[in-house]
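Student: Task: produce atomic coordinates for the following.
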Amino acid sequence: MFHFGRPTLPRYRLIGRRLSWVLIGLLLGGCAKTLKVVHGGPALPGEEVEVAKIDPGKYGGTFVLVSPTEPKTFNPNVPNDVSSNLAQLYILDSIVRYSPMTSDVTPGLAKSWEMGADKKTYTFHLRHGLRWSDGEPFSADDVIFTMDCIFAEVTDPKTGEKKLKYPNRGADDFTFGGKRMTYRKIDDDTVELYTPEVFSTFLVNLNEILVLPKHKLQKSFDDGTFLKMWSSQTAIDHPEEIVGMGPYVILKYQPGERIIYGPNPYFWRVDPKGQRLPYIDYLVDQFVATPDSALLAFATAQADYTSLIPPTDVPWVTKNAKLYDYTVYNCGVDPGSRFFWFNLKPGANKEGKSYVEPYKLAWFTNKLFRQAVMYGFDRIGVAKGIYFGRAEPEESIINQGNPLWYNPDVHHYPYDPAKARELLTQAGFHWDASGQLNDSANHPVEFELSSISGQAVDTTTIFKKNMQDLGITVRINPLDFGAVLKKVDSTFDYEMCMIGWASPSGAVDPSGNKALFMSDSEDHLFNPSEDKPATDWEKRVDDLITLQEQSFDPVVRKNAFNEIQSIYSEQLPMLYLVTPYVFQGLQNKWRNVKVPPTGYFNWNMEEYWLAQTPADRQPPENVSGVKTEQ
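Tutor: The predicted model follows:
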């Protein structure tokens, strides 16, 4: 059970800046801790804040989240997991934002921008007079410093080649024809970004670059320790060192227990009454041992929101809704993708060992073999048996959760063991007397599936049984997240892997998943960082990505992604699983809740305020197609 104290002491307003100071006793870990909260007042003279188009709210309240994993880093340039990324989004912000309600890019730290006649030059006008959460001025120097952290290069003393000073995944997203985006400062409030090629979704992608404070991180950038900065240990020992332009600051990090965030008193958004957002006093992210524990905490009113209720748990969670005064929302198909893939990387490591045994690589690179495996996998059985019908088989690299871009005419793979056997025979495989599948050289067909421990265990079990029915032996190798990433990103010592793929911009526009598609990308999972496309179809995908990037015509872009989806469904470098419906839950006491057509509706949590009386209560702003489970 989880117990959190609520604000009980009065707020005191200070004349002048009108800062709201709140002292609260939170019963944390059995002992009283006093934490100070500062709500910023109206805009200072010359401070170009944004006035949110919302119903004005009231300060106060504690919003509790429950997570089964803790953030590992608060540095967005360090490879991180979902928990780390979410924590960074509470603290940091970007020069543009994306609204899931309108599907438009909206102003962020930049109040406006223009695109040049060449459609490659973008001039951003930053909001004047903003401050970091520690009170230091924000300016164009911070934006330029952020770009340096992503794109700065050094010369390798051994090879003479230039390489990124601080390797990161973000650089690939802004590389065009081998040339990276360039940038320059025009004045303290203006920056210019230039893409070597026309990049039609530049603004959508740009919202994922979180701006960093030069005054806090420049020294580490210079001395080579940048990627060690803002670790979880920093948050534990010196949370005040992690400063941002986002709505929250870290007040306290208790490892293994919780992170407590408070409002950023200098946040750049206010409500129509001039009250600086966010309204809540405390955002508490409580850590628990398992996803089941996190769900139980929400279903017993000890957490205010859950972003993912497993479809299998919807019935019992819904039964508690009236008792604990929350609502469960069916938000449709998850736009993220889930898939298996075979390791198609040729060659060997530094020790001369092949990444994949050559005879197995011959199987994996055979399209007929991959198609046979797909036909032999009972995904309808997974959707019905594991998710009780609250899921659908994925049929494309862009799934049904993104209806604007999904191509329903791709090749589908219904469960058909007979078709699978036909394709295996056509590909030169045969069965021995015991039913074991063998290749033409009589190697038994067997491989290892690496997966993240505790995730999709039932799915991998069904897959293993389905493959056994085809005479294929599959060994499941559960690993922790870091070990899986190491295999996928660096050692390449695996045969098959399973993972989920999602990005905020990619869920909106598939160009946001450029790194997944491009053959020279580190995230081209099945064969990363190719010197040149290994196959004709990969070359065609590269060309189509470039084509759609350089066009602002929605028909041209849609046709390009339709063809990409057709290619992927034919070649099957990824073997798609099922995509569950997204079920989210929220306590009914929160106001200014906006449920978007797709995705997660805590996107505007900085605008939430606590309805403390029945008169304050109001249902969320809903959209067609979003259903409640009550």
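Student: where does the stretch 1-150 of the chain have low pLDDT?
Tutor: 1-33 (pLDDT under 70).
Student: can you pull out the helices in it?
Tutor: 82-91, 140-151 (DSSP state H, counting those that start in this stretch).
Student: of all those, which lies closest to residue 367?
Tutor: For the helices of the stretch 1-150 of the chain, proximity to residue 367 was assessed by C-beta to C-beta; helix 82-91 is nearest, at 32.4 Å. In short, each C-beta sits where N, CA and C put it, glycine included.
Student: Show the contacting residues for residue 383.
Tutor: Listed by C-beta atoms under 8 Å, 6 or more residues apart in numbering, the contact set of residue 383 reads 389, 391, 392, 393, 578.
Student: measure it to residue 391 for me?
Tutor: 4 Å (C-beta to C-beta, to the nearest Å).
Student: Next, show the common contact partners of the two.
Tutor: Residues touching both residue 383 and residue 391 (C-beta under 8 Å, 6+ apart) are residue 578.
Student: surely residue 542 meets residue 514?
Tutor: No - using C-beta atoms under 8 Å as the test, residue 542 is too far from residue 514 to be in contact (10.2 Å).
Student: Looking at these two, which is more packed in?
Tutor: Between residue 542 and residue 514, counted using other C-beta atoms under 10 Å, residue 514 has the larger neighbour count: 26 against 19.
Student: is it fair to say that one lies in a helix?
Tutor: Yes - assessed by DSSP: H, G, I helix; E, B strand; the rest coil, residue 514 belongs to a helix.
Student: residue contacts, it?
Tutor: Listed by C-beta under 8 Å, 6+ apart, the contact partners of residue 514 are 172, 173, 205, 521, 545, 549.
Student: Now for the closest residue to the fourth one other than its chain neighbours: which residues touch it?
Tutor: Same thing as residue 521. Nearest residue to residue 521 in three dimensions, chain neighbours excluded: residue 515, at 4.4 Å (C-beta to C-beta, 6 or more residues apart in numbering). Taking C-beta under 8 Å, 6+ apart, we find residue 515 in contact with 169, 172, 173, 521, 522, 523, 524.
Student: Just the buried subset of those, please.
Tutor: Among those, those buried by neighbour count (16 or more other C-beta atoms under 10 Å) are 172, 173, 521, 522, 523, 524.
Student: Just give me the closest of these to residue 188.
Tutor: Of the buried ones among the contacts of residue 515, the one sitting nearest to residue 188 (C-beta to C-beta) turns out to be residue 173, at 27.1 Å.
Student: Setting aside sequence-adjacent positions, which residue approaches that closest one most closely?
Tutor: When the adjacent residues along the chain are set aside, residue 173 lies closest to residue 205, with 5.5 Å between them (C-beta to C-beta, 6+ apart).
Student: could you say what helices and strands the host helix or strand of the one you found packs with?
Tutor: Using DSSP states H and E, residue 205 sits within helix 202-206. If you count contacts as 3 or more C-beta pairs under 8 Å, 6 or more residues apart in numbering; DSSP states H and E, helix 202-206 packs onto strand 96-99, strand 104-107, helix 504-508.
Student: hmm, who's touching the first one?
Tutor: Residues external to strand 96-99 that are found in contact with it (C-beta under 8 Å, 6+ apart): 104-108, 110, 113, 124, 203-204, 206-207, 504-505, 508.
Student: Can you show me the CA trace of it as CSV?
Tutor: This file holds the C-alpha atoms of strand 96-99, laid out as CSV (Å, rounded to 0.1, in the frame of the first residue of the first chain):
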residue,chain,number,x,y,z
VAL,A,96,8.8,23.8,-30.8
ARG,A,97,6.1,21.5,-29.5
TYR,A,98,3.6,19.1,-31.1
SER,A,99,-0.1,19.1,-30.2
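Student: So in that sheet, which strands flank that strand, and in what orientation?
Tutor: Next to strand 96-99 in the sheet, as set by DSSP bridges, lie strand 104-107 (antiparallel).
Student: low-scoring stretches of the stretch 401-550 of the chain, by residue?
Tutor: In the stretch 401-550 of the chain, residues with pLDDT under 70: 455, 503-507.
Student: returning to what we had before: among the helices of the stretch 1-150 of the chain, which is nearest residue 447?
Tutor: Closest to residue 447 of the helices of the stretch 1-150 of the chain is helix 82-91 (C-beta to C-beta; 27.8 Å).
Student: What is the closest one packed up against?
Tutor: Checking 3+ C-beta pairs under 8 Å, 6+ apart, helix 82-91 ends up next to strand 248-254, strand 258-263.
Student: one more time with 7 Å
Tutor: If you count contacts as 3 or more C-beta pairs under 7 Å, 6 or more residues apart in numbering; DSSP states H and E, helix 82-91 packs onto strand 248-254.
Student: and the strand it packs on, how far from the chain's centre?
Tutor: 22 Å (C-alpha atoms, centre = their mean, to the nearest Å).
Student: Which residue ranges of the stretch 201-350 of the chain form strands?
Tutor: 248-254, 258-263, 269-270, 282-287, 305-306, 326-333, 337-342 (DSSP state E, counting those that start in this stretch).
Student: In TSV, list those strands along with mean neighbour count and mean pLDDT.
Tutor: Shown next, in TSV, are the strands of the stretch 201-350 of the chain (neighbours: other C-beta atoms under 10 Å; pLDDT from 0 to 100):
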stretch	mean neighbour count	mean pLDDT
strand 248-254	22	97
strand 258-263	25	97
strand 269-270	19	98
strand 282-287	22	96
strand 305-306	22	94
strand 326-333	21	88
strand 337-342	23	93
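Student: now those strands in JSON lines, with distance to residue 469?
Tutor: Shown next, in JSON lines, are these (distance: least, C-beta to C-beta, whole Å):
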{"stretch": "strand 248-254", "distance to residue 469": "49"}
{"stretch": "strand 258-263", "distance to residue 469": "47"}
{"stretch": "strand 269-270", "distance to residue 469": "57"}
{"stretch": "strand 282-287", "distance to residue 469": "41"}
{"stretch": "strand 305-306", "distance to residue 469": "37"}
{"stretch": "strand 326-333", "distance to residue 469": "28"}
{"stretch": "strand 337-342", "distance to residue 469": "17"}
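Student: which one of those lies closest to residue 182?
Tutor: Nearest to residue 182, of all those, is strand 269-270, at 30.2 Å by C-beta to C-beta.
Student: where does that closest one sit relative to the chain's centre, distance-wise?
Tutor: Distance, stretch centre to chain centre, for strand 269-270: 25 Å (C-alpha atoms, centre = their mean).
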